[in-house]
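Asks: what's the 3D shape of this:
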Amino acid sequence: MNRNLILIAVCTLLLDTPTLDAQTIKAAARPPAVAGTPAGESAAPDGYAPLPAWLGQTRAPRATKTAEYAVETVAEGLAGAFSFNFLPDGRMIAAERAGHIKLIGKDGKITEVEGLPANLWATGQGLYEVRPDKAFATNRMLYLAYTVLPDGANKEALPKTPGVLVVSSAKLAADDKRIEDVKILLNAEGTTGRVIQAPDGTLLVTSSVPAGFGINAFDWQQPQTLDNNMGKVLRINTDGSIPKDNPFAGKAGAHPEIYATGFRDMQGVAIHPKTGKLWTSEHGPRGGDEINAVAKGKNYGYPVIGYGHDYSGKPINGDKTFQDGMEQPVYFWTPDIAPAGIAFYSGKLFPAWQGDLFVAGLAAKTLTRLVLDGERVVAEERLLGDLNVRIRGVNQGPDGALYVLTDGAGGKILRLVPKH
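Replies: Numbering: from 1, shown residues only. Model prediction:
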């Protein structure tokens, strides 16, 4: 059976049936399941060192201006948390992949919030985001990103990463014990994703393409086509409607929610505090991890161009790294650091860090500080390496400190403060 027939057979298994709020969630194509053990992050150097498009696009010099800091433990006992965000009153809310929302008090006490949809699919995928609305203090609105199995899917013959990414809204109950009024806003179609609110109030959603062990990147061109949401940044209003000024709204054959194209696996999102622009971190395949500054209607190249190899070690599209009409990353790493959450620092506790971008590193087991001059990286510094733990997330707190989420079953929230 040829590859196209396999894909048709796989997609036929994922039937269109009503979901949580009577919407029909369609499943875009997924690769067949692959036997064997996934390779995970491929951080081992293999000698691949592609030439950057400009000096400093990778391997920037070590930062000369630094800050002394101390590390405090704020909370511990999280289990596979993927992201965390601050509520207006200084508490934090975290999304655990297995399908748990956790509230973290200012005293470090962790409590669970019930009410997640019963059809949340958490086998290898799960809950990625719980993001408070800008007006949370008055409307108690949250935005969730998680995967579901399309109703009617044959669980005995599932494709690789079968869960479909959806974005929903919900309200946190007055007693903080559960979420209510869960409503699907968008079928984002991808395998993983994050959501963040832009300065204009719209929601920017990242949606990943099938990727990883056993997949040839160039076989999956969804990031380059407009008839699906995979490998894209999407933009919707908070009620799920489509902004009229989206770049492809009204274009025949294009999904109107598409904002930008050409991505692989974005795991971190941040809004630049001065420009209001979306920045993302992206897992490359074997090498080629990226930081991108995302502009409306632009194409960021994957899998046509990039700075990584397939997990097999083979080049992707002949090692092509540049093409007219496609954007370059602000920065890239080879070998991998497996970038996760990202955050800009604009607080007053660390004057030396003002304007810098912080990148959580899973494979690197460090928090990377990128010193910026506009949208160019001029220096790099690695922090927290002495902890020898996978770093999953980072945020600036309302107190001006930097807060860090560690990965895994014994996840912690750490607080970086000036060292006296």
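Asks: how close does Gly268 get to Leu116?
Replies: Distance, Gly268 to Leu116, by Cβ to Cβ, to the nearest Å: 23 Å. Heads up, the C-betas are built off the backbone N, CA and C, glycines and all.
Asks: these two: who's more crowded?
Replies: Each of Gly268 and Leu116 had its neighbours counted (other Cβ atoms under 10 Å), and the higher figure belongs to Gly268 (26 against 21).
Asks: check contacts around that one.
Replies: Contacts for Gly268 (Cβ atoms under 8 Å, 6 or more residues apart in numbering) come out as Arg194, Thr280, Ser281, Pro339, Ala340, Gly341, Ile342, Val359, Ala360, Gly393.
Asks: next one: Gln125
Replies: If you count contacts by Cβ under 8 Å, 6+ apart, Gln125 has them with Arg97, Thr147, Thr161, Gly163, Thr191, Thr192.
Asks: please produce CSV containing these, extended by neighbour count.
Replies: What follows is the contacts of Gln125, written out as CSV (neighbours: other Cβ atoms under 10 Å):
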residue, neighbour count
Arg97, 19
Thr147, 27
Thr161, 24
Gly163, 25
Thr191, 25
Thr192, 26
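Asks: can you tell me which one of those residues carries the smallest pLDDT value?
Replies: Least confident entry in the contacts of Gln125, by pLDDT: Thr161, with 89.
Asks: where does the stretch 51-200 of the chain dip in pLDDT?
Replies: Counting by pLDDT under 70, the stretch 51-200 of the chain shows no low-confidence range.
Asks: ranges for the strands of it?
Replies: All strands of the stretch 51-200 of the chain, identified by DSSP state E, counting those that start in this stretch, fall at 69-78, 81-86, 92-96, 100-104, 110-113, 127-132, 141-148, 164-172, 179-187, 195-197.
Asks: got the buried residues for the fifth one?
Replies: Along strand 110-113, the positions that meet the burial threshold by neighbour count (16 or more other Cβ atoms under 10 Å) are Ile110, Val113.
Asks: please name every helix or strand in contact with that strand.
Replies: Applying 3 or more Cβ pairs under 8 Å, 6 or more residues apart in numbering; DSSP states H and E, we find strand 110-113 packed against strand 69-78, strand 100-104.
Asks: can you rerun that using 10 Å?
Replies: Using 3 or more Cβ pairs under 10 Å, 6 or more residues apart in numbering; DSSP states H and E as the contact test, the elements touching strand 110-113 are strand 69-78, strand 92-96, strand 100-104.
Asks: chain center to the second one: distance?
Replies: What separates the centre of strand 92-96 from the centre of its chain is 14 Å, taken as Cα atoms, centre = their mean, to the nearest Å.
Asks: that strand pairs with which strands, parallel or anti?
Replies: Each strand that pairs with strand 92-96, with its direction, by DSSP bridges: strand 81-86 (antiparallel), strand 100-104 (antiparallel).
Asks: now swap in the longest one and tell me
Replies: Partner strands and pairing direction for strand 69-78 (DSSP bridges) are strand 411-418 (antiparallel).
Asks: so for the partner strand, mean pLDDT?
Replies: 98.
Asks: C-alpha coordinates for it, CSV please?
Replies: Coordinates of the C-alpha atoms in strand 411-418 are reproduced here as CSV (Å, rounded to 0.1, in the frame of the first residue of the first chain):
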residue,chain,number,x,y,z
GLY,A,411,8.4,19.7,39.4
LYS,A,412,9.2,22.9,41.3
ILE,A,413,8.6,26.6,40.9
LEU,A,414,11.8,28.5,41.6
ARG,A,415,12.3,32.2,42.2
LEU,A,416,15.4,34.1,41.1
VAL,A,417,16.2,37.2,43.2
PRO,A,418,19.2,39.4,43.5
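Asks: that strand: which residues count as buried?
Replies: Applying a neighbour-count criterion of 16+ other Cβ under 10 Å, one finds Gly411, Lys412, Ile413, Leu414, Arg415, Leu416, Val417 buried in strand 411-418.
Asks: Throw those residues into TSV and include distance to Gly90, thanks.
Replies: As requested, the buried residues of strand 411-418 are arranged in TSV below (distance: Cβ to Cβ, whole Å):
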residue	distance to Gly90
Gly411	20
Lys412	18
Ile413	12
Leu414	16
Arg415	12
Leu416	16
Val417	15
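Asks: can you give me the strands in the stretch 301-420 of the chain?
Replies: Using DSSP E, counting those that start in this stretch, the strands found in the stretch 301-420 of the chain span residues 331-333, 339-344, 357-361, 367-373, 376-383, 391-396, 402-406, 411-418.
Asks: ok, which of those strands comes nearest Pro199?
Replies: Nearest to Pro199 among those is strand 339-344; the distance by Cβ to Cβ comes to 13.3 Å.
Asks: tilt between that closest one and strand 402-406?
Replies: For strand 339-344 against strand 402-406, the angle by axes from the mean of the first three to the mean of the last three Cα atoms, to 10 degrees is 170 degrees.
Asks: and strand 339-344, which strands flank it?
Replies: Partners of strand 339-344 in its sheet, by DSSP bridges: strand 357-361 (antiparallel).
Asks: keeping just the C-alphas, turn the strand it pairs with into PDB.
Replies: This file holds the C-alpha atoms of strand 357-361, laid out as PDB (Å, rounded to 0.1, in the frame of the first residue of the first chain):
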ATOM      1  CA  LEU A 357      14.800  37.100  26.600                       C
ATOM      2  CA  PHE A 358      15.000  34.000  28.800                       C
ATOM      3  CA  VAL A 359      14.600  30.600  27.400                       C
ATOM      4  CA  ALA A 360      13.900  27.400  29.400                       C
ATOM      5  CA  GLY A 361      16.000  24.500  28.200                       C
END
